[in-house]
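Peer 1: pasting the sequence and the predicted coordinates here, then a few questions.
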Amino acid sequence: MRLPRAKQNDEAARQPNKSLPIEACLAKTRVSENKKSVSGRNVLDHCSIVGEVARELLSRMPVFLRSALFPDGTELVAAIHDIGKVSPSFQEKIYRGTDGYIWNTLDGLSFSNPEHEKNWGGHAGVSMAAARARRIGKYIPEIIGQHHGYSPELNGLVAEDEVFGGNAWQKMREELLCILKDSLKKEFPAIENALQAKAIAGLTTVADWIGSGSFFDDPDEQWLPLIKHAVDSAGFVQPEIIKGLGFSEIFSFRPREIQQLLIEQATQPGVYILEAPMGIGKTEAALYAAYSIIAAGGATGLYFALPTQLTSNRIHDRVNDFLKKILAPDCIHRQALLLHSNAWLKEIEMGADGGPGGNWFNSGKRGILAPFAVGTIDQALMAVMNVKHGFVRTFGLAGKVVILDEVHSYDAYTGTILDKLVEALRKLQCTVIILSATLTKERRMNILQQPVHDISYPLITASQNHGESVIETTAVVPGKTVVSIQSSSYFDLAIEEALTRAEGGQQVLWIENTVAEAQNSFSILAARSAGMEIECGLLHSRFIKADRERNEEYWVTRYGKGCDELRRQSGRILVGTQVLEQSLDIDADFLVTKICPTDMLLQRIGRLWRHGDTFRPVGAVCEVLILKPEFHSALLNPEKEFGPTANVYSPYVLLRTLVVWNDLADIVLPEQIRSLIEATYMEIEEHPMMLKYKAKLQQEKAKLELLALGGVSEGTKTLPESKASTRYSEQESVEVLLLRSFLFDRNQNVTNVKLLDGSDLFLPLVCSKKSKKEQRSLAASLAQYTLHVADYLAPEVISVKNLDWLKNYFYLGDRDHDESLLRVAIVGQDEELRSLSGQNASSSYRISYSSRQGYRAIKI
């Protein structure tokens, strides 16, 4: 609600109705050679630079993408993004950031108080108000207002209000706007819909990041000749594709029938669903289809989305090999962008928000802007959510082939957002390839929003953007695997069975449904196998990146394809969570798993006897032991009988899964996959108690779908990423940095940080233009010692002031927008976590960390 003018800020009301000269309005400060903070570019220069960067980015897009999403004049929208910096409160703030300035001494700024900017969203809010006053379209004010990630709340303020400098300052903003129109020789574009506005908002923000980079720091340097180089250095270089390659030239084997059928179907933008058994080569089929479309000019690049960061690391290697084959040897994307995510962070210069200390200095986020990237599905889902910088993700995906791997039927919340994503990707001129071993017919219809009929398996369902109907094509997969099914409710029996199998030389996989249960099972198995010739390992999501990558590399090279020599050396037991069921090419001789919904259970079973030529010890049998309760006991008290699993999956679906699997002595894959999934989710007459659990699930599903739809609704409040989850959870996730120690060296003006591996990093407290590459390298190295955990399990919050020494290397979070703050803890030699002041890291949990167990939190 807008305050009456008489009640507006008294200081602002007393301010003289005059403004600074336009050339004196600063956009930036910079660090000089003698480490002083001095004036940087003025607002006119900065806006002009960003407009030209946007023009350069647009010129590098193919015609099909530019004509569909970016109408003539789009670069002018980007150029005017910072006109709100022409305001007294911002100018007073920026001048206070320069050394030697005495507060409120410039004419026109005498009564300005920068503290009040939070009442209207800072300079971005002033930009939005100024654009609204000019009536330049429905979407443009909102686009320029949200270029820092959030939509400002103006609370009824308008451009001529005294807090924004009154008429004098608004006239100067309008003058700046006219200068930018004349210099770019453009008029404002007509933006047709909200999705197009999101794409343009993403372009505007990315152009601002590049235009804020170190290339343009020096206001005395001519900036126009630097535009192309700055855009090149940010990674926006068109890839050089080697055309005419056959499938076998890229992957060194001939395509199977199901792979060939997908390649023949996916020749133009549309949505393609490939349902096929685990280990059949869905990844290679999707990659070759993507190559064909990109080589033909139908897409700008590739985003390969996986369920978790852990699984995406392994696909990195396979996509790297793919890129080495399809990209010209001197193409920069072949050398830097994907070969290692850290290499890209170190080499690519993307301005303040995309640089160290910025919200987007993160390989998981920035990858979505690269021509070729492997990342998580969460980053793609946020492209259609009202989440901070969601529109940057929209821009990053536009025009690409987007591969969504490991899509299942179970999750109503994620499924609802995914359906919206697929709908949006079509309009963003994308080709979508969905890979799954386990979809129901109903789930396929929801994804495509079109009727489907075939229930064959394997199956390709194709819906081309310009086609009238869905095409469903079935194929034959040669061979079959018979899997023996054991089940037990006795944990100790499973422990003995796993140890016996491993002692006989088998490679055993043990999958739990929660990290805490995986850590507990690993502790027991590791203790019991001590002194035996058995290796035990643990994989889950709560390892720092450095340990996660090392552990993953170690165990995949023992359970992966072509590792017979290592397999012969000893038996092994690898314990883990759901990460072991997704996208990892691992091959086990024997599987122990907690009960879970049928689609996930089949994924886990797909890790068994995956490759026909793998060495197996004498006596090994393709077999799974399912740890599950007895049905009638679980029916009476599912929370007790399923334990923590009932907090992860719906008791109703777990009970339906028990019914389907109860009398099975073996299953035949792939021919029973479809029938098992449909039997689990189909509508049937239920026992009265089952109807109670079903009603609870339906209520929960309706709530989750509403929650998901709320997250993608237009006009709702923009949320921080941690609070706008793509997977339903009551707990937000926070980033945690773990160190061995830190020490300030005031003489050298650096912080000496000792990492968990014992090595040292020296972090300068002030970073100059010349040290930007070193700054990126240090920040990328520190990022290897982070992980994400639920807020309630994390170390307690530290005042941002006490983390000032990290602000050049980490995004610390924004309290004003209710963002999660970075948590930092010290890991002692006893593996216990402590605060920076030496106290316990948490008053509620005893927290520890080791490279073997990962992050553990035990309630006090």
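Peer 2: Received the coordinates, thanks.
Peer 1: need the residue closest to the centroid of the chain.
Peer 2: By CA atoms, centre = their mean, the chain has its centre lying nearest to Gln379, at 3.2 Å.
Peer 1: in space, what's closest to that residue - neighbours in sequence excluded?
Peer 2: Nearest non-adjacent residue to Gln379, counting by CB to CB, 6 or more residues apart in numbering: Ile368, 5.3 Å away. C-beta: built from backbone N, CA, C; applies to glycine.
Peer 1: I'd say the one you found and Gly390 touch.
Peer 2: No. Using CB atoms under 8 Å, Ile368 makes no contact with Gly390, being 10.9 Å away.
Peer 1: give the residues shared as contacts by the two.
Peer 2: Taking CB atoms under 8 Å, 6 or more residues apart in numbering as the contact rule, Ile368 and Gly390 both touch Ala383.
Peer 1: hang on, the earlier thing: using the three-state scheme, assign the residue nearest to Gln379.
Peer 2: helix (DSSP: H, G, I helix; E, B strand; the rest coil).
Peer 1: and stretch 168-182, how far out from the chain middle?
Peer 2: Its chain's C-alpha centre and that of stretch 168-182 lie 38 Å apart, by CA atoms, centre = their mean, to the nearest Å.
Peer 1: what is the mean pLDDT for that stretch?
Peer 2: Here stretch 168-182 scores 96 as its mean pLDDT.
Peer 1: what lies in contact with that stretch?
Peer 2: 17-19, 22, 25, 43-44, 47-48, 51, 76, 79-80, 83-84, 86-88, 108, 126, 130, 133-134, 159-160, 164, 187.
Peer 1: mind checking which of these are buried?
Peer 2: Among the contacts of stretch 168-182, those buried by neighbour count (16 or more other CB atoms under 10 Å) are 19, 25, 43-44, 47-48, 51, 76, 79-80, 83-84, 86-88, 108, 126, 130, 134, 159-160, 164.
Peer 1: Lys841 contacts Ile847, doesn't it?
Peer 2: I think there's a mix-up here, since residue 841 is Ala and not Lys. Yes. The pair Ala841 / Ile847 is scored as a contact, 5.1 Å apart, by CB under 8 Å.
Peer 1: from Ser67, how far out is the residue nearest to Gln379?
Peer 2: 23 Å (CB to CB, to the nearest Å).
Peer 1: cool, Glu641 as well?
Peer 2: From Glu641 over to Ser67 the distance is 59 Å, taken as CB to CB.
Peer 1: more neighbours, the two?
Peer 2: The residue with more neighbours, out of Glu641 and Ser67, is Glu641; 23 against 12, by other CB atoms under 10 Å.
Peer 1: residues contacting the more buried one?
Peer 2: Listed by CB under 8 Å, 6+ apart, the contact set of Glu641 reads Pro629, Glu630, Ser633, Ala634.
Peer 1: returning to what we had before: in helices only, show me the buried ones among the contacts of stretch 168-182.
Peer 2: Among the buried ones among the contacts of stretch 168-182, the ones falling in helices (DSSP state H) are Val43, Leu44, Cys47, Ser48, Gly51, Leu76, Ala79, Pro88, Val126, Ala130, Arg134.
Peer 1: quick check, nearest of these to Ala790?
Peer 2: Nearest to Ala790, judged by CB to CB, of these is Val126 at 37.6 Å.
Peer 1: confidence score at the closest one?
Peer 2: Note on Val126: pLDDT of 97.
Peer 1: Val753 now?
Peer 2: At Val753, the pLDDT value in this model is 95.
Peer 1: going forward, begin numbering at 16 instead of 1
Peer 2: Got it, the first residue is 16 from now on, which makes the last one we talked about Val768.
Peer 1: buried residues, the helix or strand hosting it. List them.
Peer 2: Using DSSP states H and E, Val768 sits in strand 765-769. Of all the residues in strand 765-769, those buried under the rule 16+ other CB under 10 Å are Val765, Thr766, Val768.
Peer 1: so how far is that strand from its chain's centroid?
Peer 2: Offset of strand 765-769 from its chain centre (CA atoms, centre = their mean): 29 Å.
Peer 1: using CSV, list the CA coordinates for that strand.
Peer 2: Backbone C-alpha positions of strand 765-769 (Å, rounded to 0.1, in the frame of the first residue of the first chain) are rendered in CSV as follows:
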residue,chain,number,x,y,z
VAL,A,765,45.2,-12.3,3.3
THR,A,766,43.4,-15.2,5.0
ASN,A,767,45.3,-18.4,5.3
VAL,A,768,42.8,-21.3,4.9
LYS,A,769,43.7,-24.9,5.5
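Peer 1: run me through the strand neighbours of that strand, direction for each.
Peer 2: Paired strands of strand 765-769, with direction, are strand 756-760 (antiparallel), strand 775-779 (antiparallel) (DSSP bridges).
Peer 1: export those to a markdown table and append columns for mean pLDDT, mean neighbour count and distance to Ala212.
Peer 2: Below are these laid out as a markdown table (pLDDT from 0 to 100; neighbours: other CB atoms under 10 Å; distance: least, CB to CB, whole Å):
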| stretch | mean pLDDT | mean neighbour count | distance to Ala212 |
| --- | --- | --- | --- |
| strand 756-760 | 91 | 13 | 44 |
| strand 775-779 | 93 | 16 | 40 |
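Peer 1: Phe337 is nearest to which of those?
Peer 2: strand 775-779 (33.8 Å).
Peer 1: residues in contact with the residue nearest to Gln394?
Peer 2: Contact analysis of Ile383 by CB under 8 Å, 6+ apart lists Tyr318, Gly390, Gln394, Ala395, Ala398, Val407, Arg408, Gly411, Leu412.
Peer 1: gap between Ile432 and Val402?
Peer 2: Here the criterion is CB to CB. By it, Ile432 lies 11 Å from Val402.
Peer 1: pLDDT at the closest residue to Leu770 other than its chain neighbours, what is it?
Peer 2: Nearest non-adjacent residue to Leu770, counting by CB to CB, 6+ apart: Tyr800, 5.9 Å away. Predicted confidence (pLDDT) for Tyr800: 95.
Peer 1: give the buried residues for stretch 604-616.
Peer 2: 604-616.
Peer 1: correction: the previous question concerned stretch 72-90.
Peer 2: Leu72, Leu73, Met76, Leu80, Arg81, Leu84, Phe85, Pro86, Gly88, Thr89, Glu90.
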